[in-house]
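Student: Coordinates for the following, if possible.
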Amino acid sequence: MSDLEYPSDLRYTAEHEWVRSAEGDTVRIGITSFAQDALGDVVYVSLPAVGDTVAVGDACGEVESTKSVSDLYAPLAGEVTAVNASLDATPELVNTDPYGEGWMYEMRPSDSSAVDGLLDVEAYQQQLS
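Tutor: Below is the predicted model of the structure:
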């Protein structure tokens, strides 16, 4: 399991989402390498719509693999500002580049300080073991 990466500049959730501060007051969200590895080959990704308002813990999308379907949960409350349209044609980006081209969506959190309340890389890795 040591071959999975967890960048230290990200925040994480217990549900295996990552959050990265993006441009301005938005954050970018995806799933961790642990999640994509557990899912197996991703074949379809369903994302929230731009303009959707989500609350913490809301199921706001799905990731479907050859093995299972998993819900995406909103790590923060706020408004969805962008989605990764590339995943429609190439959902396997979630497997090959979960922290880069495989990002899921961006949102504007209603409380930007809430990001600080998410898990840091050490806390996330501890709850994996």
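
Student: Count the neighbours of Leu72 for me.
Tutor: Counted with other CB atoms under 10 Å, the neighbours of Leu72 add up to 25. Where C-beta positions appear, they are placed from N, C-alpha and C, glycine not excepted.

Student: Kindly report the same for the one 10 residues further on.
Tutor: Ala82: 17 surrounding residues under other CB under 10 Å.

Student: residue ranges with poor pLDDT in the protein?
Tutor: Along the chain, segments meeting pLDDT under 70 span 1-2.

Student: Mind jotting down where the helices sit in it?
Tutor: Ranges of helices in the chain, per DSSP state H, are 33-39, 86-89, 93-96, 121-128.

Student: Nearest to the middle of this protein, which residue? Look it up for me.
Tutor: Most central in the chain under CA atoms, centre = their mean is Gly30, positioned 2.1 Å from the mean C-alpha point.

Student: if we can go back for a sec, select, out of the helices of the chain, the one closest to Val56.
Tutor: Of all the helices of the chain, the one in closest proximity to Val56, counting by CB to CB, is helix 121-128 (16.8 Å).
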